[in-house]
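**Student:** I'd like to go over a predicted model; first the sequence, then the structure.
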Amino acid sequence: MSIYLEADDFLQHMFNACTFDQIQDFVPERRGFRIHGHSTSLRLERVFWTVLESMAEEMNMTLPGLVIRIHDQCMIANDKNLSSCLRVICMKYINVYS
């Protein structure tokens with residue numbers, strides 16, 4: 001089944017503009033962290049890691065420090081899925097601060 005997109009559809013524009021490097025943003029990447037003494041690995045698409053790295057740099061924090069801070073605050077609302085919390089935080093950051 002093919003997907004029909006109107007010529008002026010913003011999705012079609014984004015798909016047409018994707019270079020090989022941009023396509024790599026969709027590839028999931030697993031990274032390991034120690035959070036309060038517990039080892040965990042998180043799997044996010046590369047584009048989310050890029051946003052998290054930018055956030056950490058802007059806040060003068062390390063990426064692990066940012067992940068721990070998000071864990072401690074966000075997991076109050078969503079106690080089962082840190083990856084989901086990180087994705088939502090990235091989207092909120094992009095929508096508000098970009």
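**Tutor:** Happy to help now that I have it.
**Student:** my read: S41 touches R34, true?
**Tutor:** No. Counting by CB atoms under 8 Å, S41 does not reach R34; the two are 10.6 Å apart. No exception for glycine: its C-beta is placed from N, CA and C like everyone else's.
**Student:** Now do the end-to-end distance for stretch 19-26.
**Tutor:** Chord length of stretch 19-26, first to last residue, is 12 Å (CA to CA, to the nearest Å).
**Student:** for that stretch, which positions count as buried?
**Tutor:** By neighbour count on 16 or more other CB atoms under 10 Å, the buried set for stretch 19-26 is empty.
**Student:** what's it in contact with?
**Tutor:** 45-47, 50 (CB atoms under 8 Å, 6 or more residues apart in numbering).
**Student:** so which of these is the most crowded?
**Tutor:** Greatest neighbour count in those, by other CB atoms under 10 Å, goes to V47: 17 neighbours.
**Student:** Buried residues in the host helix or strand of that one, which are they?
**Tutor:** Element membership for V47, per DSSP states H and E: helix 46-58. Residues of helix 46-58 classed as buried: 47-49, 51-52, 55-56 (neighbour count, 16+ other CB under 10 Å).
**Student:** quick check, nearest of these to H71?
**Tutor:** Nearest to H71, judged by CB to CB, of those is L52 at 12.2 Å.
**Student:** Show the pLDDT at the closest one.
**Tutor:** Among the per-residue scores, L52 holds a pLDDT of 97.
**Student:** Roughly how far does it sit from N95?
**Tutor:** From L52 across to N95, the span is 15 Å (CB to CB, to the nearest Å).
**Student:** which residue packs closest to T40, ignoring adjacent ones?
**Tutor:** Residue nearest to T40 in three dimensions, not counting chain neighbours: F33, with 5.7 Å by CB to CB, 6 or more residues apart in numbering.
**Student:** show me where this structure has strands.
**Tutor:** Under the criterion DSSP state E, the chain contains strands at 28-35, 38-45.
**Student:** so how far is the first one off the chain centroid?
**Tutor:** Strand 28-35 has its C-alpha centroid displaced from the chain centroid by 12 Å (CA atoms, centre = their mean, to the nearest Å).
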